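>>> what shape does this take:
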Amino acid sequence: MNLLGLEIGGSKLQIVVGDASANIIDRRRLTVERAKSGAGIREQIEATLAELIPAADPSAMGVGFGGPVDWKTGEICRSHQIEGWADFKLRDWLQTLAGLPVCVDNDANTATCGEALHGAGVGLNPVFYVTLGSGVGGGLVVDGKIYHGARPGEAEIGHVRLDRQGTIVESRCSGWAVDAKIRQLKTADPASPLSKLIGDSIGGGAKYLVPALRQGDRAAKRVLTETAEDLAFGLSHVVHLFHPEAIILGGGLSLVGEPLRAAVEIALRVFTMAAFALGPQIRLATLGEDAVPVGALELAKNAGAEDVIAQNSTDKERPPPHHAAP
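Purely as a prediction, here's the structure:
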């Protein structure tokens, strides 16, 4: 049985073919042209599906979308990065286009599903995932299923407040927020190894943290510690409410690797009650850019199962066929 998995983001579009175990066996990775808006992405999807479906003969499709989604109807609320998606009925459009059952969810939820079932969270339950990218998103998987809560509730860890003034996790721990802290060093501490490593480069300052840390740079250590403590404080609320067995750190900032993981683990112990010691395992994501596509393949399996259940339910409601007497 083959399945289709789609990742629709603000800068990239991935469409994969996978098997029943969510192993990717074919992939198309396309660059999104922002100027063409959502309509341009839909053209890319339509052309790619026309190529993949006849060869793969998939039974269902799953989608991780970069923005708020009504997961029950598959309707997009909006994209914060690309125009042309507001109130778009993505599931209905894809089902008509492909002739397949389709399941649509937010990309952070979808990535959580991928990491929980096939990545760093395998064998652990519940699993909480936080993606540290241009924004901060998250998801919770309990007993192998995405936890949604009442609509429009999601696991919006990025919008958890760090104080009464309205500072949120995303404003302190996203990639752009960390990059801004690092850029400030060029003025405040221009002689630091981190400032020298940055040089005249623009953006992506977090990638210089690790080499600066290796040089014993105190400024880099301070940025790392502040970010880890802010993130751990936000995650402490997750621990007290849901007590996950594992928290997985994903997204571009997680590429800082072990220094970030260890710093979050240490800080989290300070912010959680003694009864929860030693607390959840803090792990680094292992699927990389495959997290959303692999999670989408899991959604596809659910879409196929729901379609069978719905069909069986409809069959049971139908009256038995009438046979004329011989």
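>>> every contact and neighbour count from this point should use C-alpha atoms.
Fine.
>>> okay, which residue is most central for this structure?
A centroid search over the chain (CA atoms, centre = their mean) returns Ala108, at 2.4 Å, as the residue closest to the centre.
>>> low pLDDT regions in the protein?
Along the chain, the model assigns pLDDT under 70 to residues 152-153, 304-326.
>>> separation between the residue lying closest to Gly138 once chain neighbours are set aside and Asp189?
Nearest non-adjacent residue to Gly138, counting by CA to CA, 6 or more residues apart in numbering: Val130, 4.2 Å away. Counting by CA to CA, to the nearest Å, the gap from Val130 to Asp189 is 31 Å.
>>> between the two, who's got more neighbours?
Under the criterion of other CA atoms under 10 Å, the comparison of Val130 against Asp189 puts Val130 first, with 27 against 14.
>>> pretty sure the more buried one contacts Val141?
No - contact criterion CA atoms under 8 Å: Val130 and Val141 do not qualify, at 11.8 Å.
>>> anything in contact with each of the two?
Residues touching both Val130 and Val141 (CA atoms under 8 Å, 6 or more residues apart in numbering): Thr112.
>>> where exactly do the strands run in the stretch 51-200 of the chain?
61-65, 69-70, 75-76, 102-106, 127-132, 136-142, 145-146 (DSSP state E, counting those that start in this stretch).
>>> picking that back up, could you give the bridge partners of the residue nearest to Gly138?
Gly138, Leu249 (DSSP bridges).
>>> list the contacts of it.
Contacts of Val130 by CA under 8 Å, 6+ apart are Ala108, Thr112, Val136, Gly137, Gly138, Gly139, Ile157, Ile247, Ile248, Leu249, Gly250, Gly251.
>>> how much space separates it from Pro244?
12 Å.
>>> closest one to Thr227 among the strands of the stretch 51-200 of the chain?
When the strands of the stretch 51-200 of the chain are compared for distance to Thr227 using CA to CA, the nearest one is strand 127-132, at 11.0 Å.
>>> export the closest one as PDB, just CAs?
Extracted C-alpha coordinates of strand 127-132, given in PDB (Å, rounded to 0.1, in the frame of the first residue of the first chain):
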ATOM      1  CA  VAL A 127       5.500  13.000  23.500                       C
ATOM      2  CA  PHE A 128       5.700  16.800  23.300                       C
ATOM      3  CA  TYR A 129       7.500  18.400  20.300                       C
ATOM      4  CA  VAL A 130       8.600  22.000  20.000                       C
ATOM      5  CA  THR A 131       9.900  23.400  16.700                       C
ATOM      6  CA  LEU A 132      12.300  26.300  17.000                       C
END
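>>> and that strand, how far out from the chain middle?
On the basis of CA atoms, centre = their mean, to the nearest Å, strand 127-132 sits 8 Å off its chain's mean C-alpha point.
>>> got it, and stretch 23-42?
Chain-centre distance of stretch 23-42: 17 Å, with CA atoms, centre = their mean.
>>> now the strands of the stretch 51-200 of the chain in CSV, with distance to Ser236?
Putting the strands of the stretch 51-200 of the chain into CSV (distance: least, CA to CA, whole Å) gives the following:
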stretch, distance to Ser236
strand 61-65, 27
strand 69-70, 26
strand 75-76, 30
strand 102-106, 23
strand 127-132, 12
strand 136-142, 14
strand 145-146, 20
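>>> for the ones you listed, which one ends up most surrounded?
Ranked by mean neighbour count, the strands of the stretch 51-200 of the chain are led by strand 61-65 with a mean of 30 (mean count of other CA atoms under 10 Å).
>>> other residues contacting it?
By CA under 8 Å, 6+ apart, the list of residues contacting strand 61-65 reads 3-9, 100-111, 292-293, 295-301, 303-304.
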